[in-house]
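K.L.:
Any chance you could fold what I've pasted below:
(one chain, ligands or ions: 1)
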Amino acid sequence: MPTRTFPVEGMTAQDAFRLVAEDLALEGDPARNLATFVTTWMEPEAQRIIAENLHRNFIDHAEYPRTAEIEQRCIRMLADLFHAPGATTGARTQGSSEAIMLGGLSLKWNWRKRRGAATAVPNLVFGGDVHVVWEKFCRYFDVEPRIVPLRPGKYTIGPDDVEPFVDENTIGVAAVLGTTFTGHKDDIAGINELLLRIKSERGLDVPLHVDGASGGFVWPFLYPDTAWDFRLEQVRSINVSGHKFGLVYPGIGWLIFRESADLADELVFKENYLGKTDSTFTLNFSTGSAMVLAQYYNLVRYGRTGYAYIMKNMQANARVLGEKLAAMGLFELIGPDEEQLPLVAFRLAADNGFDEFDVAWQLAAERGWMVPAYTLPPNAQRVTIMRALVKETMSREHVDTLARDIEEACATLAKKGGAHELERHRMVQGPGH
Ligand SMILES: Cc1ncc(COP(=O)(O)O)c(C=O)c1O
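P.N.:
Got it, this is the predicted structure:
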């Protein structure tokens, strides 16, 4: 099997197909991977749309004007879902990471305009509960990260935590809706109030960006009365991953601005290589059309009622799993009564001679479930938790089986004790993405 050097001769299509397929036979089973937020199942009709459009390059708006229109429909529908006050703008991206890079750049450019000729170092304020992409943005684009630390028992941030970090060089505050770690939200309404107060008292207009990578497709359906979006005045931009709870395969994400003016003009490029003058606001150029079309398929296929039905179903199954874990007497749940993504975050309630990494490992070894164990960010790094996503494909029967398998894994560990430190950490996954 060629693996290192560029093969001199090719092989038949059939041989190449078998070779790749055989390699992939060793991959994990997505139905048992409860670590990832990303979609692992779509309807056959959606799969057909994807398969029939794999050859189209999305960026070629001159050749594919209908796809460009469909992208704009998705942006308008999401702006409507997020209560944008009027006409707005946005971008289709490869996922939330690209959306966050673009949103962060727009914050930086707008700050520069506010500050005039100042040469100060820009900073961005966010909590330790953010996804790694926020630190990446700061490093890649020369912005000082001002990270509000967590602490044991407090895994999200609010206005009191944020206030000391904000100054005239703050390009924005980023708050999370549905954290990667525990699935909860930052106190976005409280941070909005703080920023309004700072605006009126100190004359600093600091924008709030909401990272709704997962939560942007969950809160509108499970908690429609909670204001976290453009209903709050300082929320100027929101990112959401279509490929997480938007229920589309990877990679598709969205960046939505409150108003067109929130997107810095300098970041939009005009080119006419492809036959027609076009504006682009992306980090990537060429990319497939299929997932944009699949996103539109889902939006029209499910509507608000359908998404709410699916989200409530996942939430009900997550609650059952949580109750079963709590009933075992071994685990404590993390924030089960707060607004949360459809998942169960839990940790061992006492020292039983094994830890969460052991449970994750034993469960993977015995039954093939991937339920990650990981430590929380500073200053809660001493806390280890486990997290099980309960997605569309996870039925009540699966929940019952998983709960039983976790109990059996713990029974095995109680007999044999925890694993060797080194082995444990090699086997167990991080918090996923
Ligand atoms: C809160 C949050 N933000 C950003 C990201 C990155 O999103 P993507 O994988 O769509 O690039 C993730 C991924 O899990 C996330 O959970």
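K.L.:
going forward, measure contacts between C-alpha atoms and count neighbours the same way
P.N.:
Noted.
K.L.:
list the contacts for L102?
P.N.:
For L102, the contact set (Cα atoms under 8 Å, 6 or more residues apart in numbering) comprises 255, 281-283.
K.L.:
now do Y64
P.N.:
When the contact criterion is Cα under 8 Å, 6+ apart, the partners of Y64 are 56, 58.
K.L.:
I'd like to know how many residues surround G322.
P.N.:
A count of neighbours around G322, defined by other Cα atoms under 10 Å, yields 23.
K.L.:
pLDDT value on E421, please?
P.N.:
In this prediction, E421 carries a pLDDT score of 62.
K.L.:
swap that for F126, please
P.N.:
98.
K.L.:
what about the helices in the stretch 251-400 of the chain?
P.N.:
Secondary structure of the stretch 251-400 of the chain by DSSP state H, counting those that start in this stretch: the helices cover 290-327, 356-367, 396-416.
K.L.:
hey, which of those is tucked in deepest?
P.N.:
Of all those, helix 356-367 has the most neighbours on average by mean count of other Cα atoms under 10 Å, namely a mean of 22.
K.L.:
Run through the neighbouring helices and strands of that helix.
P.N.:
When contacts are defined as 3 or more Cα pairs under 8 Å, 6 or more residues apart in numbering; DSSP states H and E, helix 356-367 sits against strand 373-375, strand 384-389, helix 396-416, helix 421-427.
K.L.:
please redo it, this time with the cut-off set to 10 Å
P.N.:
strand 343-348, strand 373-375, strand 384-389, helix 396-416, helix 421-427 (3 or more Cα pairs under 10 Å, 6 or more residues apart in numbering; DSSP states H and E).
K.L.:
so what's Y223 up against?
P.N.:
Contacts were defined as Cα atoms under 10 Å, 6 or more residues apart in numbering; by that measure Y223 touches 308, 339-340.
K.L.:
tell me which of those is nearest to L232?
P.N.:
Among these, E339 lies closest to L232 (Cα to Cα), at 18.1 Å.
K.L.:
Can you pull the phi/psi pair for the closest one?
P.N.:
Reported as degrees, to the nearest 10, the phi and psi values for E339 are phi -60, psi 130.
K.L.:
Quick check, it in contact with P224.
P.N.:
No. Counting by Cα atoms under 10 Å, E339 stays clear of P224, with 11.2 Å between them.
K.L.:
So for those two, which sits in the more crowded spot?
P.N.:
Looking at E339 and P224 with other Cα under 10 Å, you find the greater number of neighbours at E339, namely 16 against 12.
K.L.:
Now E392. Nearest residue, chain neighbours left out?
P.N.:
M314 (6.2 Å; Cα to Cα, 6 or more residues apart in numbering).
K.L.:
what's the answer for L81, then?
P.N.:
The shortest distance from L81 to any non-neighbouring residue, by Cα to Cα, 6+ apart, is to P220 (7.1 Å).
K.L.:
how about the residues of the stretch 1-150 of the chain near the ligand?
P.N.:
The stretch 1-150 of the chain comes close to the ligand at residues 95-97, 130-131, as judged by Cα under 6 Å from any ligand atom.
K.L.:
Among these, which pair sits farthest apart?
P.N.:
The most widely separated members of those are G95 and V130, with 15.6 Å between them, by Cα to Cα.
K.L.:
returning to what we had before: pretty sure the residue nearest to E392 sits against F221.
P.N.:
No. No contact is recorded between M314 and F221 when judged using Cα under 10 Å, the distance being 11.8 Å.
K.L.:
Need the overlap of contacts for the two.
P.N.:
A308.
K.L.:
what ranges do the strands span in this protein?
P.N.:
Taking DSSP state E as the criterion, the chain carries its strands at 90-93, 123-127, 144-148, 170-176, 208-211, 235-241, 253-257, 269-271, 278-280, 331-333, 343-348, 373-375, 384-389.
K.L.:
and among those, the most buried is which?
P.N.:
strand 235-241 (a mean of 29).
K.L.:
chain center to that one: distance?
P.N.:
Counting by Cα atoms, centre = their mean, to the nearest Å, strand 235-241 is centred 12 Å from the centre of its parent chain.
K.L.:
try stretch 281-290
P.N.:
Between the mean C-alpha point of stretch 281-290 and the mean C-alpha point of its chain there is a distance of 19 Å (Cα atoms, centre = their mean).
K.L.:
again with stretch 311-324
P.N.:
Taking mean C-alpha positions (Cα atoms, centre = their mean), stretch 311-324 and its chain are 20 Å apart.
K.L.:
so Q340 touches T179, yeah?
P.N.:
Yes. With contacts defined as Cα under 10 Å, Q340 counts as touching T179 at a distance of 8.8 Å.
K.L.:
Find residues that contact each of these two.
P.N.:
Shared between the contact lists of Q340 and T179 (criterion: Cα under 10 Å, 6+ apart) are residues 185, 215.
K.L.:
can you tell me which residues contact R396?
P.N.:
Applying Cα under 10 Å, 6+ apart to R396 gives the contacts 313-314, 316-318, 320-321, 390, 402.
K.L.:
what's the closest of those residues to the ligand?
P.N.:
V390 (14.7 Å; Cα to the nearest ligand atom).
K.L.:
Number of residues surrounding that closest one?
P.N.:
The number of residues near V390, taken as other Cα under 10 Å, comes to 28.
K.L.:
do Y249 as well
P.N.:
For Y249, the number of neighbouring residues by other Cα under 10 Å comes to 21.
K.L.:
isn't it right up against L293?
P.N.:
No. Between Y249 and L293 there is no contact, the gap being 11.2 Å when judged by Cα under 10 Å.
K.L.:
Need the residues touching each of those two.
P.N.:
46, 50.
K.L.:
so where's this structure uncertain?
P.N.:
Counting by pLDDT under 70, the chain has low-confidence residues at 117-118, 420-433.
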